[in-house]
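Visitor: Coordinates for the following, if possible.
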Amino acid sequence: MEANLERDLLAIKAVQINPENYFTWTSGIKSPIYCDNRLTMSYPEIRNKITQSFIQLINSMDEKPDVIAGCATAGIPHAAWLSEKMNLPMIYIRSKPKGHGKGNQIEGHYHRGQKVIVIEDLISTGGSAIVSANVLIDEGLHVIGVYSIFTYGLEIANQNFKKENLSYQSLANYDQLLNVLLKDNQIDHTTKEKLTQWRDQL
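Guide: Here you go, the predicted structure:
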């Protein structure tokens, strides 16, 4: 299923690879890969595959969630579809507290001690997902895992999650993506090595 998901992401251009003309991320980093998993919302078959894959991960866990939490903004729809399929409550975490009303940063009903799975669309350094998880923890919730659709597989993400004592898993990843591109003759071994080195030096 993992390899098929990478092909799906490539097919709808949610993930694009350009070894010659690098993209520029918001951070200013020059990158051969561009990832916009928001596009998966528009493809029912793919978004359903993503939901079913998340369910498989949850079913393999010793602990089961009481509630599903989505990270604003791209994690929210996938958290909604997942919570619907599993008949679980859903909440979402704003990137910062609302500037009016009650000033909520967490939207939806929850209570202390509940076990939560956090849904994010993309893991790069893990920063935004970790911030969201810590908002939940500060409210007395027990985060039992962070799931994402795609990860670049950066070592700094592993270190950041380990430092916070959080576990994370992704349905698709950069290394598997390169393997698929190589197998499908979209890149050669030299290009694959170049793309791997780019990631490893970040």
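Visitor: I'd like to know the predicted local confidence at the closest residue to residue 74 other than its chain neighbours, please.
Guide: Leaving aside its chain neighbours, residue 74 sits nearest to residue 121 (3.7 Å; criterion: C-beta to C-beta, 6 or more residues apart in numbering). Placement of C-beta: from N, CA and C, glycine included. Among the per-residue scores, residue 121 holds a pLDDT of 96.
Visitor: Now the phi/psi pair for residue 121, please.
Guide: phi -80, psi -30 (degrees, to the nearest 10).
Visitor: Pretty sure it sits against residue 75.
Guide: Yes: at 5.4 Å, residue 121 counts as touching residue 75 under the criterion of C-beta atoms under 8 Å.
Visitor: quick one: contacts of the longest helix seen in the chain?
Guide: If you go by DSSP state H, the chain has its longest helix at helix 44-59. The contact list for helix 44-59 (C-beta atoms under 8 Å, 6 or more residues apart in numbering) reads 1, 4-5, 8-9, 12, 40-41, 64-65, 77-78, 81-82, 85-86, 117, 119, 145, 147, 149, 169, 171.
Visitor: Residue 119 touches residue 70, doesn't it?
Guide: Yes: proximity of residue 119 to residue 70 meets the contact threshold set by C-beta under 8 Å, at 5.1 Å.
Visitor: can you pull the contacts of residue 184?
Guide: residue 7.
Visitor: 42 is where my numbering starts, stick with that
Guide: In the new numbering, first residue 42, that becomes residue 225.
Visitor: Just the pLDDT at it, thanks.
Guide: 94.
Visitor: now it: how far from residue 84?
Guide: According to C-beta to C-beta, to the nearest Å, residue 225 and residue 84 sit 19 Å apart.
Visitor: list the helices and strands the strand or helix carrying residue 124 packs on?
Guide: Following DSSP states H and E, one finds residue 124 within helix 116-127. Helix 116-127 is packed against helix 85-100, strand 108-112, strand 131-134, strand 156-164, with contacts defined by 3 or more C-beta pairs under 8 Å, 6 or more residues apart in numbering; DSSP states H and E.
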